[in-house]
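Trainee: Pasting the sequence and the predicted coordinates here, then a few questions.
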Amino acid sequence: MSSLGDIIKRRILEKVEHEYENLKDSSVFELNVEPRPEFTYVRPEVNMIVNTITDYIVTGIPQHILLLGWRGSGKTTSVLTVIRTIKELSEELRGKNIFLEKYFYVNAREHPSQREIFETIIGKSFRGFSFSEILNELYKVLEGRTILVIDEVDFLQSNEIFYHISRSTKVSMIVIAQNVNWFKSLDSSIQSSFRPTPIFFKNYDASQLKEILMLRAKYGLKHYEESGIALIGAIVANNHYGDARIGIRALYYAGKQDKWDDETIKQCVETAVKEVEAYTLNNLSIRDLIILSTLTEQSDTNVAYGIILERLRALGYYTFGKATYFRALNFLQNLGIITLVKKKVSKYYTYEVQVLVPKELIMDAIKKNIHKM
């Protein structure tokens, strides 16, 4: 009679030998791992980032960058890969006093207040401290050649951070925004001191996606077919805004089966779309999820706003003003999970919303979010 250990060992070996036989390195296909230089696709926008950062390292004169583009176009992956690579290489040039001393990455959706961002950079809480005391600590941490990346800046509650850092430090800032008009929304005093160079990441086309996926296949699979990878790239480019995340997960499913016919590829892309939708929803705040679930029932954004506030209060969460509400709607539209349509009602205008993800996925994400609290 087989022991439990024998049974488990046999099942594991069966999976390795059959279901996962074609996988060489499954981490290549994960969406939440740190970007790796060996399979980072170097598009023209990456060269622009490299040139700007290297100029800063050599001269010490701050140059700021504003990255714009659709979700899945490689903005965050590209900039973090460039910075980490430069940080490693700059150690070799330390003797010539040409090096990047440090860099910080902060996601504004996770840390929306200026104080939270300052505390994240400094590495400790400053509860009970005055704002001037926090600024003094911040400036000490940011001394030397330092890069600060702030992702999803659309969610910042205050943009004063750009005024303070650009006026009082030699930090080079790289900000990543979903809203193409984000910079125009800044106060004129912040615009004049910040002045970033905008770099727009276009959606990947089919040939670019093929190159990205071929790199992933090289490191992650034992066997693959170029024609199947090309088809994944074409479907994702034509039907899913060139979202590389969908392509990467579709490649994983096709590679795991080691099947590259047209029908299998289409099924793998459909599976990847559902997975990326669930991944996106599971990374949203409870506020955004309540907004989405309400909009599946009430498409008029003005009417939905009141219902959303009532539901948040019932759950014991903070409510928010209309300006924050419409920023959240724009963010959700940039994620590709809602579509906003302007509509005139009597003498006034409102927006109607079409939610593009299944309600059951939204409700599952809400349950998981509440369970984590």
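Mentor: Happy to help now that I have it.
Trainee: what residues are up against residue 287?
Mentor: Residues in contact with residue 287 (C-beta atoms under 8 Å, 6 or more residues apart in numbering) are 312, 317-318, 320, 328. For every residue, glycine as well, the C-beta is placed using N, CA and C.
Trainee: now the strands for this structure?
Mentor: The residue ranges that make up the strands of the chain, judged by DSSP state E, are 65-69, 102-107, 146-151, 172-177, 197-201, 338-345, 348-355.
Trainee: Can you point out the buried residues in stretch 348-366?
Mentor: Using 16 or more other C-beta atoms under 10 Å as the test for burial, stretch 348-366 gives 350-353, 355, 357, 361-362, 365-366.
Trainee: Residue 43: which of the residues you listed is nearest?
Mentor: For residue 43, the nearest member of the buried residues of stretch 348-366 is residue 357. The distance, counting by C-beta to C-beta, is 28.0 Å.
Trainee: Just to check, residue 226 is in contact with residue 211?
Mentor: No: the pair residue 226 / residue 211 is not scored as a contact, 11.0 Å apart, by C-beta atoms under 8 Å.
Trainee: Which one's more surrounded, these two?
Mentor: When residue 226 and residue 211 are compared for neighbours, residue 211 comes out ahead with 15 against 12, by other C-beta atoms under 10 Å.
Trainee: Can you check what pLDDT the model gives that one?
Mentor: At residue 211, the predicted lDDT confidence score is 94.
Trainee: who touches it in this structure?
Mentor: When the contact criterion is C-beta under 8 Å, 6+ apart, the partners of residue 211 are residue 41.
Trainee: how much space between it and residue 361?
Mentor: Per C-beta to C-beta, to the nearest Å, residue 211 is found 31 Å from residue 361.
Trainee: could you redo the strands of the chain as a markdown table and give each row distance to residue 20 and mean pLDDT?
Mentor: Written out in a markdown table, the entries for these read as follows (distance: least, C-beta to C-beta, whole Å; pLDDT from 0 to 100):
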| stretch | distance to residue 20 | mean pLDDT |
| --- | --- | --- |
| strand 65-69 | 34 | 93 |
| strand 102-107 | 32 | 91 |
| strand 146-151 | 33 | 93 |
| strand 172-177 | 34 | 94 |
| strand 197-201 | 33 | 93 |
| strand 338-345 | 36 | 81 |
| strand 348-355 | 35 | 83 |
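Trainee: Name the stretch among those that sits most buried.
Mentor: Comparing the strands of the chain on average neighbours per residue, with mean count of other C-beta atoms under 10 Å, the densest one is strand 172-177 at a mean of 25.
Trainee: Against which helices or strands is that one packed?
Mentor: Under the contact criterion of 3 or more C-beta pairs under 8 Å, 6 or more residues apart in numbering; DSSP states H and E, the helices and strands touching strand 172-177 comprise helix 44-59, strand 65-69, helix 75-90, strand 146-151, helix 160-168.
Trainee: follow-up on the earlier one: could I get the strands of the chain as CSV with distance to residue 255?
Mentor: Compiled in CSV, those are given as follows (distance: least, C-beta to C-beta, whole Å):
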stretch, distance to residue 255
strand 65-69, 27
strand 102-107, 30
strand 146-151, 29
strand 172-177, 30
strand 197-201, 26
strand 338-345, 32
strand 348-355, 32
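Trainee: Of these, which is nearest residue 37?
Mentor: Across the strands of the chain, the minimum distance to residue 37, taken as C-beta to C-beta, is reached by strand 102-107, at 15.3 Å.
Trainee: Which strands border that closest one, and is each parallel or antiparallel?
Mentor: Strand pairing for strand 102-107, determined by DSSP bridges: strand 146-151 (parallel).
Trainee: which residues are contacting the partner strand?
Mentor: With C-beta under 8 Å, 6+ apart as the test, strand 146-151 has contacts from 53, 56, 76, 79-80, 83, 100-109, 117, 121, 142, 156, 161, 165, 169-176.
Trainee: Same question for stretch 356-371.
Mentor: Under the criterion C-beta under 8 Å, 6+ apart, residues 274, 277-278, 281-282, 284-286, 289-290, 292-293, 296, 315, 336-339, 355 lie in contact with stretch 356-371.
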